[in-house]
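> Pasting the sequence and the predicted model now:
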Amino acid sequence: MQIPGEMKKKIGKINSVLALFFFCVSILSVGSFVGQLFLLFSVFPVLLIVWHFALKYAIGAFVLIGIISSYRLGVESMFDFLGISYLLVSVGIAVGLYLLKRHYRYLHLKVEDLNRFKARQDTMLENSTDIMAIIDRDGLITYTSSNVKAHFGWIPKDVVGKEGWIAVHPDDLSKTKERFKSLLNHPSEIDNIDFRFKCADGTYKYVNLSAVNMLHDPIIKGILVNYRDIDQQKKTEQALLANEYKYRILFENMQDTICMLDKEGCITDINEAGIQLMGYSRQEIIGMKVAQLVHPEDREKSKKYFEELNNKGRYSRYEGRVVAKSGKPIWVQVDSSEFVRDGIKIGSQDIVRDISDQKEVEYKMRQQNKKLQELNVTKDKFFSIISHDLRSPFNSILGLTSLLDARYDNWDDKKKKEYIKRLKIETCMTYKLLDNLLEWASIQTQRMHFNPQKHLLQELVKDEICLLEELAANKNISVHRIACQEDYFVNADKNMISTVFRNLFSNAVKFTPENGSISISCQKHFVQDQKQYVQIAVTDSGVGIPAEQLQKLFKLQDLVSTKGTAGEIGTGLGLILCKEFIDKHGGILDVKSQKGQSSTFTVSLELI
């Protein structure tokens, strides 16, 4: 059985005391049976010592046996009990002296080890960055390590015995004392505090102090303090804080949005400009993936820029739309660069500029350019009409008047009436062309005013139908009017609507052959966007319109001059006028036609 060392020592001492007790009793009972009996009993503790414990206790016991035996029996023989006792005493003394020498040498080595340990400890403390000190319950310094001089210029003997607060900066004194008082009430508790420590030359350095309450320890008997010079660290931290403060001021006051992303593309920080731009609070937007903010129609386009960032570490001049919290799309320009630490990408920084105003200007410029192009086309068409389409009818009028002037006396009345009729037709058509041209020019130059008022639709159409019937009679064309089922009131500009129907009716006559027919119908037809409309349809039995020309019918740049069935001139400008006038009224102008068949032009106006 393995007996612990401390237990062995105690048992050994007890057995030694028992052996000594038995020998003492045997001395007092010399020559008696009791003395011999106690002497015999004293052997058993010795044997136990030898069996269980250290040899040195056994040797001591044998020495005692030899002394007591020689005293009791006297000297009779070298080989009797006395001789053996003397021999044992001699061996015991020799062994005892040997053990004493070994013990002395052991102690000497221990002292040397302790001296070396102390020297090593002193060297370590001297060169350590930490200073050790002990402060008692009253706040007095009872010990400080020698390296306090190297770090702060204080000589240890000048510090010991003084208050621990003597070197604490006045501004830090209150909090330091409070922490000390708190530590006194909590044994074994460890506390940390940073404060400014006064050096021997009067300057202050920042130190980090770690203290533990060891008042209960019989050796320390105080507050064990470990403090380290962190002045350079504090200065570095203050410089970093100053730089961080400057960066934060720049960051928050940039007019452009600055957005910090992690490697997963999630927003980790954003400045105030970004908060204002997107409409989210800082708490809402932090953690969002930047892809969530990209406009759905631009996500595919944005992917190649994200790929460029991954491959090249940056991209620039990306233009696309993001969607604010309100749902409003915002045009932005983005420049991005990634952050790399130790060769590993840790995130990226996006600089986002709102270019919505720029895009709006670009859009307006495109619209203006488009309008300028249209105006150029208009101008070219205007001059084309003047130079060709308007000149031709005047040439015809001049030709007819010249013939009448030259041959008037030679022609009979029938011939004269024929040419006068032709002259009237040419003049009317030319007047109509000129009138259309002037109205169209007024629209283009914004000189025609739109003045809608409440009108009965039947009244607006009636006067123009009378003109239609007069023109139709010249070609023996029948006109069929389908009466409206009720009165229809519309909000319309009278002059514009009259121009629309005049052009539609005259076109129907122009492209209907002799003995043909024209029908006019009026009815409610459909409801669109909760609005009720009335339709007026003009259908002729004319030559129809080819499909390719039908697509260009209302486009100024594609105007084609087409002659009527009786050779009537035309430019197509009248239909352009009709379309623009109906659009101003919020109405619809529709056409259905096939080449060689009838054509139907339908005007839809909102009822009031």
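Nice, thanks for sending it over.
> what's around residue 127, how many residues?
Per other Cβ atoms under 10 Å, the neighbour tally for residue 127 reads 9. From N, CA and C alone the C-beta is placed, and that goes for glycine too.
> Against which helices or strands is whichever strand or helix holds residue 269 packed?
Secondary structure assignment for residue 269, by DSSP states H and E: strand 267-270. Judged by 3 or more Cβ pairs under 8 Å, 6 or more residues apart in numbering; DSSP states H and E, the packing partners of strand 267-270 are strand 257-262, helix 282-285.
> Return the distance of it from the chain's centre.
4 Å (Cα atoms, centre = their mean, to the nearest Å).
> That one pairs with which strands, parallel or anti?
strand 257-262 (antiparallel) (DSSP bridges).
> Would you mind pulling the contact partners of the strand it pairs with?
With contacts defined as Cβ atoms under 8 Å, 6 or more residues apart in numbering, strand 257-262 is touched by 251, 267-271, 273-274, 277-278, 290, 332, 346-354.
> which of these are buried?
Buried by 16 or more other Cβ atoms under 10 Å: 251, 267, 269-271, 273-274, 277-278, 290, 332, 347-348, 350, 352-354, out of those.
> Quick one: low-confidence residue ranges for the chain.
Along the chain, the parts satisfying pLDDT under 70 run over 1-101, 103-104, 378, 381-393, 436, 440, 443-447, 527-529, 556-561, 567-571.
> what residue is smack in the middle of it?
residue 267 (2.5 Å; Cα atoms, centre = their mean).
> From residue 531, how far off is it?
Distance, residue 267 to residue 531, using Cβ to Cβ, to the nearest Å: 47 Å.
> Which one, of the helices and strands packed on strand 267-270, ends up nearest to residue 342?
strand 257-262 (16.1 Å; Cβ to Cβ).
> so where do the strands sit in the stretch 501-608 of the chain?
517-528, 531-540, 588-593, 599-606 (DSSP state E, counting those that start in this stretch).
> Adjacent strands (with direction) for the shortest one?
Using DSSP bridges, strand 588-593 pairs in its sheet with strand 599-606 (antiparallel).
> List the buried residues for the partner strand?
599, 601, 602, 603, 604, 605, 606.
> what does stretch 272-290 give?
Residues of stretch 272-290 classed as buried under the neighbour-count rule (16+ other Cβ under 10 Å) are 273, 274, 275, 277, 278, 280, 285, 290.
> Tell me the spatial nearest neighbour of the fifth one, not counting adjacent residues.
Nearest residue to residue 278, sequence neighbours excluded (Cβ to Cβ, 6 or more residues apart in numbering): residue 324, at 5.2 Å.
> got it, and the first one?
Spatially, and ignoring its direct neighbours in sequence, residue 273 is nearest to residue 257 (4.8 Å; Cβ to Cβ, 6+ apart).
> Enumerate the beta-bridge partners assigned to residue 344.
residue 341.
> Neighbours of it, how many?
By the criterion of other Cβ under 10 Å, residue 344 has 8 neighbours.
> gap between it and residue 335?
Distance from residue 344 to residue 335, by Cβ to Cβ: 22 Å.
> What of residue 245?
Noted for residue 245: a distance of 25 Å to residue 335, by Cβ to Cβ.
> go on, residue 250?
Taking Cβ to Cβ, one finds residue 250 at 16 Å from residue 335.
> What of residue 292?
Counting by Cβ to Cβ, the gap from residue 292 to residue 335 is 20 Å.
> ok, for residue 482, nearest residue in space, not its chain neighbours?
residue 521 (4.3 Å).
> tell me the contacts of the one you found?
482, 535, 536, 537, 539.
> Near the residue nearest to residue 273, how many other residues are there?
By other Cβ under 10 Å, the residues close to residue 257 number 22.
> next one: residue 503
As a measure of burial, residue 503 has 23 neighbours, counting by other Cβ under 10 Å.
> With residue 471 instead?
Around residue 471 sit 21 other residues, with neighbours defined as other Cβ under 10 Å.
> looking at it, it is touching residue 512, isn't it?
No - with contact defined as Cβ atoms under 8 Å, residue 471 does not count as touching residue 512 (10.2 Å).
> hang on, the earlier thing: so which of the contacts of strand 257-262 belong to strands?
Judged by DSSP state E, these include 267-270, 332, 346-354 as members of strands.
> For residue 502, state which of those residues is nearest.
residue 354 (51.9 Å).
> got a list of what the closest one touches?
By Cβ under 8 Å, 6+ apart, residue 354 lies in contact with 256, 257, 277, 330, 331, 332.
> change it to 6 Å
Contact partners of residue 354, counting by Cβ atoms under 6 Å, 6 or more residues apart in numbering, are residue 277.
> ok, back up a step: look at residue 250 and residue 335 and report which has more neighbours.
Per other Cβ under 10 Å, whichever of residue 250 and residue 335 has more neighbours is residue 335, with 15 against 11.
> Am I right that that one falls within a helix?
No - secondary structure of residue 335 (DSSP: H, G, I helix; E, B strand; the rest coil): strand, not part of a helix.
> So in terms of bridging, what pairs with it?
Beta-bridge partners of residue 335, as defined by DSSP bridges: residue 351.
> Does it touch residue 314 like I think?
No - using Cβ atoms under 6 Å as the test, residue 335 is too far from residue 314 to be in contact (7.7 Å).
> Residue 396 sits in which helix or strand?
Assigned by DSSP H and E, residue 396 falls within helix 391-407.
> Return the list of helices and strands in contact with the following helix or strand past that helix.
Counting by DSSP H and E, the element after helix 391-407 in chain order, helix or strand, is helix 413-444. In terms of contacts (3 or more Cβ pairs under 6 Å, 6 or more residues apart in numbering; DSSP states H and E), helix 413-444 is packed against helix 391-407, helix 573-584.
> ok, residues contacting the first one?
Helix 391-407 has contacts (Cβ under 6 Å, 6+ apart) with 419, 422, 423, 426, 430, 569.
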